[in-house]
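Trainee: need a structure here:
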Amino acid sequence: MLFQRLLEGAEYLSIRGNPEISGLDYDSRRVKPGWCFVAMKGDTTDGNRYIDSALQAGAVAVVSDDPQIAPKGDLAWAQVPHGRRALARLSANFYHRPAERLVNSGITGTNGKTTTSFLLESILRAAGRKTALLGTVEYHIAGKVLEAPHTTPEPLEINQLLAAALRDGATESVMEVSSHALAQQRVFGIPYDAAIFTNLTRDHLDYHGDFDTYFKSKRALFDGVGTDPPRVAVINADDEFGQKLVKFSKPRSQVLTYGLQKADFHAERVDVGMNGTRFDVVTPDNRIPLWSPLIGRVNVYNILAACAAAYARNCKPEAISTGVERLTHVPGRFQRVDEGQPFTVVVDYAHSDDALRNLTALAREFVQHAGGGKVITVFGCGGDRDRTKRPLMGEAAGRGSDFAILTSDNPRSEEPMAIINDALPGLHRSGAKFAVEPDRAKAIAIAVRQAGPGDIVLIAGKGHEKMQITREGARPFDDVEVARAALHAAGYHKPQPAPGGGRT
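Mentor: Down below sits the predicted model:
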């Protein structure tokens, strides 16, 4: 593709040269001969510092967002006002605009994005659609499950993934769209047919600074990200920020609201059991009886959001009920670890005070259905993140638990005990019984030893993650496997089925 064709639709201040371009990248270490290097400023580094490295690797063109850098020699060059928006346009052009050839649904909000995205994907598949999924836990592309380094990847990777999905016959995509991605314009130029808002609670204020800025980042999905606004906006009417978003979206999009009692999509006859949740979803057209293996009222919200989005995508009631029933679990979201013990062990991604309140409330419902038992919660707070939420997390975990164990999560560059000390005032305020154990594996083992018949052990914070990040770097750490090892050490070991399903 010629350089100037690669730049079609991009904002640029100046341009020169028109060589043939055989690839592009924003990471100089991946650049190959004949490629274009997009040099853009990021949060932690500036790609413009690596232009010489890209040229040494064989780059024949540079797109730069730094006006202080003069073009080099007779090299093809474009000066752009916004590097990531330029990367989005160039990537879309190079991969023949895959997002414009798919029907895209984007899900944003503090909590519930992952479960809602898995539910919507399951419903779309039940309706006979072929889908791609991009989200926090994993990517589903061309029949493969890929590791997800970011909830929402950079524009280059988004276009690469969507192009691969198209080649496999995909017709729709479901994307979790993070506030960081919206603020950084990683999804610039992607047309969303449906945009879904789950909720807004305290999180990521270390990045956004305040709630108003955080909300405006989320709201960008409903305004259109370099595109027209979404055709349909699906919004949680029970959330105060959702109410603001309804008013914002009504002049722009068709609005479908959801909520537990009063909304376009709401729940009736809710029955939350130990093995699943049953309720009727009331839609603008009909009533759909649903059963889901996912438990708890928090998942009623996630199911309602997915049902409303599926309705917006013209899925029939039969596909909605089948898709909801088929999704048995979401990795790291209330994921049970069963080794035959007489109590329940659950791993969950809850890493904010609101998420901990929801998780412990769900656990309380769970043990009450089992005849009453203790809620034991292992939790920690992430390092290099909003310090002000740490005491709030401590209080939420304490108030929702009979016994809490405060430990380390991903301390990153911080000292683990300093993070723990930030959370302790909230635990003290809660009046809960608690222990402190900085070693996460030991904390999980303590929780297992404390549990008795009918109790539930919650291991919160890391969910699907397979690494723990400290100032020494990343090391393998999987809460599910660590919990399994603690159960084995306590003498529990579920017999594995014999080869061939146990047949003789």
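Trainee: alpha carbons only for contacts and neighbour counts from here, please
Mentor: Noted.
Trainee: Give me the neighbour count for Phe211.
Mentor: 15 (other CA atoms under 10 Å).
Trainee: do the one 10 residues further on as well
Mentor: Applying the criterion other CA under 10 Å, we find 30 residues in the vicinity of Leu221.
Trainee: Ile405 now?
Mentor: Ile405: 27 neighbours (other CA under 10 Å).
Trainee: That one and Phe379 touch, don't they?
Mentor: Yes - between Ile405 and Phe379 there is a contact at 6.5 Å, judged by CA atoms under 8 Å.
Trainee: Report the contact partners of Arg85.
Mentor: 10, 185-186, 188 (CA atoms under 8 Å, 6 or more residues apart in numbering).
Trainee: Return the closest of those with respect to Ala483.
Mentor: Taking CA to CA as the measure, Arg186 is the one of the contacts of Arg85 closest to Ala483, at 36.0 Å.
Trainee: can you pull the contacts of the closest one?
Mentor: Here Arg186 is in contact with 84-85, 88, 152-155 (CA under 8 Å, 6+ apart).
Trainee: which strand residues sit across from Thr277 in the sheet?
Mentor: Beta bridges link Thr277 to Val272, Ser292 when assigned by DSSP bridges.
Trainee: Strands - which of the contacts of Arg85 land there?
Mentor: In strands, judged by DSSP state E, none of the contacts of Arg85 are found.
Trainee: ranking these by neighbours, who comes first?
Mentor: Arg186 (24 neighbours).
Trainee: circling back to that earlier point, mind picking the two most distant members of the contacts of Arg186?
Mentor: Arg85 and Thr152, at 14.9 Å, using CA to CA across the contacts of Arg186.
Trainee: What lies in contact with stretch 94-107?
Mentor: 1, 6, 23, 91-92, 113, 116-117, 159-160, 162-163, 166, 170-177, 190-198, 221, 309.
Trainee: can you rerun that using 7 Å?
Mentor: Identification of contacts with stretch 94-107 by CA atoms under 7 Å, 6 or more residues apart in numbering yields 6, 92, 113, 159-160, 162-163, 171-177, 190-197.
Trainee: Now intersect those residues with the strands, please.
Mentor: Among the contacts of stretch 94-107, the members that lie in strands (by DSSP E) are 172-176, 192-197.
Trainee: Let's have these in TSV, adding pLDDT and distance to Ala142.
Mentor: Output for the ones in strands among the contacts of stretch 94-107, formatted as TSV (pLDDT from 0 to 100; distance: CA to CA, whole Å):
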residue	pLDDT	distance to Ala142
Glu172	98	12
Ser173	98	11
Val174	98	14
Met175	97	15
Glu176	96	18
Tyr192	98	21
Asp193	98	21
Ala194	98	22
Ala195	98	23
Ile196	98	24
Phe197	97	27
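Trainee: Now Arg364. Its backbone dihedrals?
Mentor: phi -60, psi -40 (degrees, to the nearest 10).
Trainee: and the gap between it and Met274?
Mentor: In this view, Arg364 and Met274 are 11 Å apart by CA to CA, to the nearest Å.
Trainee: Name the residue in these two with the higher neighbour count.
Mentor: Arg364 (22 against 15).
Trainee: Looking at that one now. What's its pLDDT?
Mentor: pLDDT for Arg364: 93.
Trainee: Any figure for the gap between it and Val60?
Mentor: As judged by CA to CA, Arg364 and Val60 stand 61 Å apart.
Trainee: Also Glu472?
Mentor: 38 Å.
Trainee: Pull out the buried positions in stretch 382-392.
Mentor: Within stretch 382-392, the residues that count as buried by 16 or more other CA atoms under 10 Å are 382-383, 385-387, 389-392.
Trainee: just stretch 356-371 next, same as before
Mentor: Under the neighbour-count criterion of 16+ other CA under 10 Å, stretch 356-371 has 356-368 buried.
Trainee: now do stretch 454-468
Mentor: Burial within stretch 454-468, assessed by neighbour count using 16+ other CA under 10 Å, is assigned to 454-465, 468.
Trainee: In strands only, show me those.
Mentor: 456-460, 468.
Trainee: Need those residues in a markdown table (columns: pLDDT and distance to Pro416).
Mentor: Converted to a markdown table, these look like this (pLDDT from 0 to 100; distance: CA to CA, whole Å):
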| residue | pLDDT | distance to Pro416 |
| --- | --- | --- |
| Ile456 | 96 | 26 |
| Val457 | 98 | 22 |
| Leu458 | 98 | 20 |
| Ile459 | 98 | 17 |
| Ala460 | 97 | 16 |
| Gln468 | 96 | 12 |
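Trainee: Nearest to Ala489 among these?
Mentor: Val457 (15.9 Å).
Trainee: Quick check: bridge partners of the closest one?
Mentor: Here Val457 shows beta-bridge partners Val345, Ile376, assigned using DSSP bridges.
Trainee: these two touch, right, it and Lys374?
Mentor: No - using CA atoms under 7 Å as the test, Val457 is too far from Lys374 to be in contact (8.4 Å).
Trainee: Quick check, pLDDT for Thr504.
Mentor: pLDDT, Thr504: 30.
Trainee: which residues does Gln335 bridge with?
Mentor: With DSSP bridges as the rule, Gln335 is bridged to Val347.
Trainee: and it, how many neighbours?
Mentor: Gln335: 20 neighbours (other CA under 10 Å).
Trainee: any idea how far it is from Asp168?
Mentor: Distance from Gln335 to Asp168, counting by CA to CA: 30 Å.
Trainee: How about the backbone phi and psi for the nearest residue to Asn199 once chain neighbours are set aside?
Mentor: In space, and not counting its chain neighbours, Asn199 is closest to Gly109: 4.9 Å by CA to CA, 6 or more residues apart in numbering. Taking degrees, to the nearest 10, you get phi 140, psi 170 for the backbone angles of Gly109.
Trainee: Report the contact partners of Gly109.
Mentor: 197-200, 218.
Trainee: ditto for Cys315
Mentor: Ala127.
Trainee: how near is it to Gly106?
Mentor: 17 Å.
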